[in-house]
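Chemist: no sequence on hand, only this structure:
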């Protein structure tokens, strides 16, 4: 249970936080788990290390889910046929242009894209990670996931972008979801979400999307 709570704290706060902050969340998660089970066990460095090790695992699991989702939802083709490779490369360029991969419908220009942050692939990655059944984390820990946290939403987008990047050559390669490379991408998406929140504050659009993610997942 402490690991479930720790992952929820990561997805609510920061997936690329300094280690002291991760340790603090691990202590919080352990304390809440003990309280839930009405036990009083002190944590130790080995236990905290075990909990914080889930950070990399959590990011990696999002990436694995994204790899599966984008192949079907965006239409990448497997195989070594040169036409398929060319089509995949063209699709890669289209999706990366103006970040059209986060939009429900793609136009020729940024102004023609519609449904920003409403691409079903985002919801699907989140569902596969947290809402597979009624016993999954997103359902059991609704205090953290209702409405769905912006930080977790940004991670799903980052994982999808990493998975798309693997198709740049037209044949799927392998890109490791490393912190030193993708923490900046994650923070860029997080900043864009905050900007989107500000721009659409009059209709509270981001909050509505966050609630929709939870309601759809649950």
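Modeler: Yes, it's here. Computed from a prediction, not measured in an experiment: that's the story for all the values here.

Chemist: CA atoms for contacts and neighbours, from now on please.
Modeler: Noted.

Chemist: from residue 75, how far off is residue 149?
Modeler: 28 Å (CA to CA, to the nearest Å).

Chemist: low-scoring stretches of this structure, by residue?
Modeler: Low-confidence segments of the chain (pLDDT under 70): 34, 36-39, 41, 106-107, 109-112, 218.

Chemist: please report the distance of the residue lying farthest from the centre of the chain from residue 125.
Modeler: Within the chain, the residue lying farthest from the chain centre (CA atoms, centre = their mean) is residue 40, at 33.5 Å. Distance, residue 40 to residue 125, by CA to CA: 36 Å.

Chemist: which ones are touching the closest residue to residue 73 other than its chain neighbours?
Modeler: With sequence-adjacent residues excluded and distances taken as CA to CA, 6 or more residues apart in numbering, residue 73 is closest to residue 121, at 6.4 Å. Going by CA atoms under 8 Å, 6 or more residues apart in numbering, residue 121 touches 66, 69-70, 73.

Chemist: again, 10 Å this time
Modeler: Residue 121 is in contact with 66, 69-70, 72-74, 101-104, 127, 156-157, 160, counting by CA atoms under 10 Å, 6 or more residues apart in numbering.

Chemist: how would you label residue 10: helix, strand or coil?
Modeler: At residue 10 the chain is in helix, as set by DSSP: H, G, I helix; E, B strand; the rest coil.

Chemist: I figured it hits residue 150, correct?
Modeler: No: with contact defined as CA atoms under 10 Å, residue 10 does not reach residue 150; the gap is 11.2 Å.

Chemist: and residue 149 and residue 75? Which one has more around it.
Modeler: For residue 149 versus residue 75, the count of surrounding residues by other CA atoms under 10 Å is larger for residue 149: 21 against 12.

Chemist: quick one: the more buried one from residue 216, how far?
Modeler: In terms of CA to CA, residue 149 sits 14 Å off from residue 216.

Chemist: quick one, what contacts the residue nearest the centre of the chain?
Modeler: Centrality entry for the chain: nearest residue to the mean C-alpha point is residue 156, 1.9 Å, by CA atoms, centre = their mean. By CA under 10 Å, 6+ apart, residue 156 lies in contact with 59, 62-63, 65-66, 121-126, 129, 150, 162, 186, 189.

Chemist: remind me which helix or strand it belongs to.
Modeler: helix 150-165 (DSSP states H and E).

Chemist: ranges for the strands of the protein?
Modeler: Using DSSP state E, the strands of the chain run over residues 103-105, 114-116.

Chemist: the first one: which residues count as buried?
Modeler: Under the neighbour-count criterion of 16 or more other CA atoms under 10 Å, strand 103-105 has residue 103 buried.

Chemist: that strand packs against which elements?
Modeler: Strand 103-105 sits against strand 114-116, helix 120-130, with contacts defined as 3 or more CA pairs under 10 Å, 6 or more residues apart in numbering; DSSP states H and E.

Chemist: run the chain-centre distance for it.
Modeler: 18 Å (CA atoms, centre = their mean, to the nearest Å).

Chemist: repeat that for stretch 23-36.
Modeler: In this view, stretch 23-36 has its centroid 23 Å away from the chain centroid, taken as CA atoms, centre = their mean.

Chemist: what's the answer for stretch 43-50, then?
Modeler: Per CA atoms, centre = their mean, the centroid offset for stretch 43-50 relative to its chain is 26 Å.
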